[in-house]
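Asker: Everything below, folded, please.
(chains A and B, ligands or ions: 2)
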Amino acid sequence: MRFVTDLGEGLRIAFRALRASRMRAVLTTLGIVIGVTTVLLMITIILGLNKAVAGQFSFLGTNTLYVSRWSWFDDNWRAMLKRPVVKVELAERIREESQLAEAVSPWGDTERSVANRSNRLTRVRVMGVSEDYLVTNSIKLDLGRFISEDDVSHNRQVAVIGNGISEKLFDRVGPLDQRIDVGGHKFRVVGLNAKMGRFFGQDMDDFVLIPITAFTKRFARTGDVDIVVKAATAEQLGDLEWELRGIMRRLRKLGPLDPDDFGINSQSMIMNIYRQVTGSIYAGGIIIAFISLLVGGIGIMNIMLVSVTERTSEIGLRKALGARRWMVAWQFLLESAAICALGGIIGVVLAFAGSKVMNNFIPTSMPLWVVGFGVGFAALVGIFFGLYPSMKAARLSPIEALRQE
Amino acid sequence: MSTLSPNGHLIEMRDLVKIYKVGSEQVHALRGLNMAIGSNEYLAIMGPSGSGKSTLMNLIGCLDTPTSGDYYLAGENVARLSDGRLAEIRNQRIGFVFQTFNLLPRATALHNVELPLIYAGLKASVRHRRAKEALAVVGLEDRMHHRPNELSGGQRQRVAIARAIVTNPSIILADEPTGNLDTKTGAEIMKIFDQIYGAGNTIVLVTHEEDIARHTGRIVRLRDGQIESDEMRRA
Ligand SMILES: Nc1ncnc2c1ncn2[C@@H]1O[C@H](COP(=O)(O)OP(=O)(O)OP(=O)(O)O)[C@@H](O)[C@H]1O
Ligand SMILES: [Mg+2]
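Answerer: Ligands and ions are numbered 1, 2, ... in the order given. Here you go, the predicted model:
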């Protein structure tokens, strides 16, 4: 009870003193503002990225491995060029031999122009898949149907289009049964994919899915594709990778000492890259934040030291009237914390505005705890850098302090 | 010279010595002072500049501790108490009035008077009531929401007196309370002191002016850190 009244009184004293030196307080909070803004923007961006990445990995499918000619994060291109291509038929062999695979689909990927009579879109992502892609990549449709086994075996010129393509080509009419031109070949739209949204400023809905047979015939003459293999659970991914490696080595008739002549790729590789990227964002942000908070903190320390000097006789008076050392220290600590928290609040507002702007380029997310964290952290900086001036004030002898004019 | 009273006095000082160290030099501000002050006494300390008046007041007010000697305040030897305990004693037993008023410039009269009660840990409602009562004693209840720069010098000193009496201290100490005021205003301030004394308070004040000292019942003259004379007067 006693402490609560003291705290309330201390805060009131602190804010009274703050109001009296508004200009100085605002100037020295700048460092705090920059520091807090940086920290919060960084957290905001990374939280947003995390959320988006989790959502958008569905593009690659969850719990999937890609059996390919290329190892994704190997740059020994010359060696890999000597590898045999991965053919569509391999999907059938893997499906037969694997115990752990839940679904297997061939997958080809290219960029082509897509057009109808009125519009033409360049560099659209065109992917060749089989009916199993529905399972491997957890596809959801808004309209129509997915590519069927018949479409694949009969080499039909049909397509499932992304939401973005539909909006750009068919803004008035429904896309189903419309004809589109993909890389110079006519396709009929049979399905519309559910909206995926934006990722790194890129529309994830600009793509066209066609049967893998049509894809290899029209766009991949070498017949080089990837095979998407889905594990039942994330825990089985490791086992699946071993199994696939064994199957592939057997099919390719590799000796015990021969290196793999194929790649087994996974999202975890992308995840690792992603972690490196966010790691450097964190590192950079922390360095900037640390420096600006240090500058701000030293600024606060300075303003508080000036404040203590200017108010020496006030401190003397308070002590004469019975203020204990810790009460005087508390007053200046609170004042310092309050100034910094003020900077923290400004920083939160700026970071909020910044995250809104940045949302146009990369996804951001600012939950409430980030706001509390920003203000609380700033206050902690204030308390830390306010310690020395507060102790100095608390140790002043009352007569010395009172003698000051 | 008065004789030192045995225990039972509000204040008793024995062989009080205060030496200031300035660099390698020592300033003997008080040289073995013996004095007692009873309850409801009205006492003036006089003496030439540098004779140790303020030093003595600081010791009586527990703002400082003596280099040697004993100082009993209400039966407690405060000569060697901790900082924290001294702050508590100042808060509960002492009321200060300074020559330069020493009000918080940005706080209202009411808040200034409340200040010692804040440090006593009293609730806001109790503080308000008692601060208003103290302001009424000095005739400033209608100015309680004014800040010091909206008050005259005499009014400021009255706020300071209200602040000194608001805790019901054992003793009120005033170091040249009229030093910064003109004669007429000083006389008004002295009227308030007389009135407070009449209400049963103990007052010690330092002054250079015989006219001021004449209000009191006892005049102690210092010279060179020692008591030169200590005379009781008929009020
Ligand atoms: N903090 C201090 N440090 C060093 N010397 C001091 C200190 N305070 C007082 N003195 C010295 O002690 C002596 C007594 O000073 P004090 O202030 O008590 O005198 P005073 O009687 O109040 O004088 P005045 O009438 O001018 O106020 C003086 O010589 C003074 O210089
Ligand atoms: Mg003096």
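
Asker: Please, where are all the helices along chain B?
Answerer: For chain B, the helices defined by DSSP state H cover B:53-60, B:83-93, B:109-119, B:124-137, B:153-165, B:183-198, B:210-213.

Asker: can you tell which of these is closest to ligand 1?
Answerer: Of all those, helix B:53-60 sits nearest to ligand 1, with 3.1 Å by Cβ to the nearest ligand atom. For the C-beta atoms, the positions are set from N, CA and C on the backbone; glycine is no exception.

Asker: Can that closest one be said to contact ligand 1?
Answerer: Yes. Using Cβ under 6 Å from any ligand atom, helix B:53-60 reaches ligand 1 at B:Lys53, B:Ser54, B:Thr55.

Asker: My understanding was that the first one contacts B:Asp175; is that so?
Answerer: Yes. Proximity of B:Lys53 to B:Asp175 meets the contact threshold set by Cβ atoms under 8 Å, at 7.5 Å.

Asker: what's near enough to touch the residue nearest in space to the middle of chain B?
Answerer: Most central in chain B under Cα atoms, centre = their mean is B:Leu173, positioned 0.7 Å from the mean C-alpha point. B:Leu173 makes contacts with B:Met57, B:Ile60, B:Gly61, B:Ile94, B:Gly95, B:Phe96, B:Val97, B:Val204, B:Leu205, as judged by Cβ atoms under 8 Å, 6 or more residues apart in numbering or on different chains.

Asker: Adding neighbour count and pLDDT, write the residues you listed out as a markdown table.
Answerer: Shown next, in a markdown table, are those (neighbours: other Cβ atoms under 10 Å in any protein chain shown; pLDDT from 0 to 100):
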| residue | neighbour count | pLDDT |
| --- | --- | --- |
| B:Met57 | 21 | 96 |
| B:Ile60 | 22 | 96 |
| B:Gly61 | 25 | 96 |
| B:Ile94 | 24 | 96 |
| B:Gly95 | 28 | 96 |
| B:Phe96 | 24 | 96 |
| B:Val97 | 25 | 96 |
| B:Val204 | 23 | 97 |
| B:Leu205 | 24 | 96 |
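
Asker: need the contact list for the closest residue to A:Asp206 other than its chain neighbours.
Answerer: Counting by Cβ to Cβ, 6 or more residues apart in numbering or on different chains, A:Gly164 is the residue found nearest to A:Asp206 once chain neighbours are left out, at 4.1 Å. When contacts are counted by Cβ under 8 Å, 6+ apart, A:Gly164 is found next to A:Asp203, A:Met204, A:Asp205, A:Asp206, A:Phe207.

Asker: Next, work out how far apart A:Gly164 and B:Arg127 are.
Answerer: For A:Gly164, the distance to B:Arg127 equals 68 Å [Cβ to Cβ, to the nearest Å].

Asker: ok, the residue in chain B positioned nearest to chain A - how many residues close by?
Answerer: Going by Cβ to the nearest Cβ, chain A is nearest to B:Asn91 of chain B, at 2.3 Å. Residues within reach of B:Asn91, counting by other Cβ atoms under 10 Å in any protein chain shown, total 23.

Asker: got it, and B:Arg233?
Answerer: 12.

Asker: Wait, it touches B:Ile219, no?
Answerer: Yes. Taking contacts as Cβ under 8 Å, B:Arg233 lies within contact range of B:Ile219: 6.7 Å.

Asker: ok, and what's touching the helix or strand bottoming out on mean pLDDT in chain B?
Answerer: None of the helices or strands of chain B scores lower by mean pLDDT, DSSP states H and E than strand B:76-77, at a mean of 90. Here strand B:76-77 makes contact (Cβ under 8 Å, 6+ apart) with B:Asp70, B:Tyr71, B:Ile89.

Asker: same thing with stretch B:116-131?
Answerer: A:2, A:5-6, A:9, A:318, A:321-324, A:327, B:87, B:91-92, B:110, B:113-114, B:144, B:162-163, B:166-167.
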